Every structure is written in structure tokens, then in C-alpha cells.
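Visitor: What would the 3D arrangement of this be:
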Amino acid sequence: RAPLLEVGMTKAEIRHLSKALGLATWDKPALACLSSRFPYGTRITAELLARLDAAEDFLRHDLGFRQVRVRHHDSIARLEVDPAEMNRLLDPNLRGQISERLKALGYTYVAVELGGYKSGSLNAGLETGHGH
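Guide: Modelled structure (predicted):
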């Protein structure tokens with residue numbers, strides 16, 4: 001259930017009231033379902049979800065990236081971060097930590113989306129008619 005939605009509150013109203021109440025989460029970035037990190041047609045298993053969740057958790061909570069997505073492409077983890085955080089992502093020390101951790105989780109390659117975070121980026125192939 002979504003009680004705030006059920007009483008007709010908008011996302012903007014919820015954020016405004018959360019800020020007024022002093023809640024630390026008032027401007028927390030939206031998080032889409034983990035299944036949105038997989039290309040259409042991918043057979044999603046509990047193991048893949050756990051791997052992806054662990055990868056994003058590492059980037060978000062351990063390293064402090066605010067807006068981050070890990071897109072799953074078989075053996076490749078494609079990272080998307082807010083453009084404002086791109087320089088930090090490419091810091092040599094962090095690059096090594098990120099690569100090491102994601103490879104330990106089971107990815108063979110760790111890539112960065114140079115365009116940065118974009119909601120719905122896995123739909124790009126559908127729009128042009130070229131699936132991934």
C-alpha cells in the first residue's frame with residue numbers, strides 16, 4: 001500500500017512536508033525497482049538481483065554516490081552516476097575499489113556510461129528498434 005498516494009498527496013508535496021518536518025530523506029533520489037537495471041528479455045534470478053543490489057549498495061552506502069545505477073549486461077556492469085559525480089567516480093583510488101568490488105561480485109567487466117545517469121536508459125534500444 002501507498003497511504004500518502006491514497007490520500008492524494010503528490011511527490012512534490014511529500015518532499016515539501018518532509019523538509020518542513022526536518023526529515024533527512026526529504027530530497028532522497030527516487031529508486032526504481034531493481035528489475036529496471038536489466039535489459040528486456042533478461043531472465044532475472046534471485047542471484048542476479050542480489051549481485052546488483054550489493055553493487056549499488058556498495059556505491060551508494062560505502063562510497064557515498066548519491067545518484068547511481070548499475071545496469072546489468074551479462075558479464076558487464078555499466079555504471080551511471082549523476083554528471084556532477086563523474087569526476088569522483090573516475091578518481092584513480094575509487095576506480096580501483098569499484099572495479100575490484102564489482103568483479104568480486106561476479107562481473108567480468110566494469111564500464112562507465114559517459115553520458116551519466118539517465119532514467120530509463122535501458123529503453124534506448126527499444127526506441128530505435130535495436131534491442132540489446
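
Visitor: Okay, and H72 sits in which element?
Guide: Assigned by DSSP states H and E, H72 falls within strand 68-73.

Visitor: buried set for that strand?
Guide: By neighbour count on 16 or more other C-beta atoms under 10 Å, the buried set for strand 68-73 is 68-73. Backbone N, C-alpha and C define where each C-beta goes, glycine included.

Visitor: can you check stretch 109-118 too?
Guide: For stretch 109-118, burial by neighbour count (16+ other C-beta under 10 Å) applies to 110, 112, 116-117.

Visitor: Between the two ends of it, what distance do you get?
Guide: 21 Å (C-alpha to C-alpha, to the nearest Å).

Visitor: Mean confidence (pLDDT) on it, please.
Guide: Per-residue pLDDT over stretch 109-118 has a mean of 92.

Visitor: roughly how far is that stretch from the heart of the chain?
Guide: Centroid separation between stretch 109-118 and its chain, computed with C-alpha atoms, centre = their mean, to the nearest Å, is 11 Å.

Visitor: Likewise for stretch 39-48?
Guide: In this view, stretch 39-48 has its centroid 16 Å away from the chain centroid, taken as C-alpha atoms, centre = their mean.

Visitor: so what's R78 up against?
Guide: Listed by C-beta atoms under 8 Å, 6 or more residues apart in numbering, the contact partners of R78 are 70-72, 111-113.

Visitor: Include distance to D82 when you put those into JSON lines, please.
Guide: JSON lines is the format used below for the contacts of R78 (distance: C-beta to C-beta, whole Å):
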{"residue": "V70", "distance to D82": "14"}
{"residue": "R71", "distance to D82": "15"}
{"residue": "H72", "distance to D82": "20"}
{"residue": "A111", "distance to D82": "17"}
{"residue": "V112", "distance to D82": "13"}
{"residue": "E113", "distance to D82": "11"}
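
Visitor: The nearest residue to A55 once chain neighbours are set aside bridge partners, please.
Guide: Distances taken as C-beta to C-beta, 6 or more residues apart in numbering place V70 nearest to A55, at 4.5 Å, with adjacent residues excluded. Beta-bridge pairing for V70 (DSSP bridges): L79.
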